[in-house]
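Trainee: just to be clear, the model below is a prediction. Sequence and coordinates:
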Amino acid sequence: MKLKRWEWLIIAGLIAVMFGIAYAVDEKITVSYTAKSLTAASYTNATRAIISVSGNDIKFTTDGVTVPTSGGVGVVLKKDLVYTDILISNTAIKNFKAVRASDTDAVINISYQWPQRL
């Protein structure tokens with residue numbers, strides 16, 4: 001028996017709900033030469049986030065004080081990769097700031113995970 005595409009989508013959705021996975025692309029930000037933060041209205045009480053970077057590498061900080069620069073301040077995230085272990089608390093999400101690492105702009109897609117309701 002071969003399942004149709006829509007049947008696979010229903011199965012995948014049910015599995016995601018059963019395991020409490022609540023990820024969706026919530027925000028897409030173009031990162032340029034000035035430091036960019038995440039939009040507060042998008043993450044409110046999110047507990048984790050997944051980041052994917054495209055277009056160019058970025059540099060970021062999560063301490064809430066240090067501002068990343070293209071020249072050297074901040075941790076580098078390589079383009080065309082997905083990062084799941086960087087923003088692991090609401091504080092880290094709130095304090096996240098990023099800039100592009102070199103001459104061209106980067107795009108980051110952020111998917112937030114929300115607290116589970118019991």
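Mentor: Arrived safely, thanks for sending. Numbers count the residues shown, from 1 in each chain.
Trainee: quick one: the helices in the protein?
Mentor: Along the chain, the stretches classed as helices by DSSP state H are 5-18, 40-43, 90-95.
Trainee: out of these, deepest packed?
Mentor: helix 90-95 (a mean of 17; mean count of other Cβ atoms under 10 Å). C-beta coordinates here come from the backbone N, C-alpha and C atoms, glycine included.
Trainee: roughly how far is that helix from the heart of the chain?
Mentor: 11 Å (Cα atoms, centre = their mean, to the nearest Å).
Trainee: which secondary structure elements does it contact?
Mentor: In terms of contacts (3 or more Cβ pairs under 8 Å, 6 or more residues apart in numbering; DSSP states H and E), helix 90-95 is packed against helix 40-43.
Trainee: who are the packing partners of the helix it packs on?
Mentor: strand 25-31, helix 90-95, strand 106-113.
Trainee: now the longest one: buried residues?
Mentor: The one in question is strand 106-113. Residues of strand 106-113 classed as buried: 106, 107, 108, 110, 111, 112, 113 (neighbour count, 16 or more other Cβ atoms under 10 Å).
Trainee: what sits against residue 108?
Mentor: 28, 29, 31, 51, 52, 53, 54, 58, 98 (Cβ atoms under 8 Å, 6 or more residues apart in numbering).
Trainee: ok, now with 6 Å
Mentor: Contacts for residue 108 were tallied using Cβ atoms under 6 Å, 6 or more residues apart in numbering; they are 29, 31, 51, 53.
Trainee: I am finished for the moment; much appreciated.
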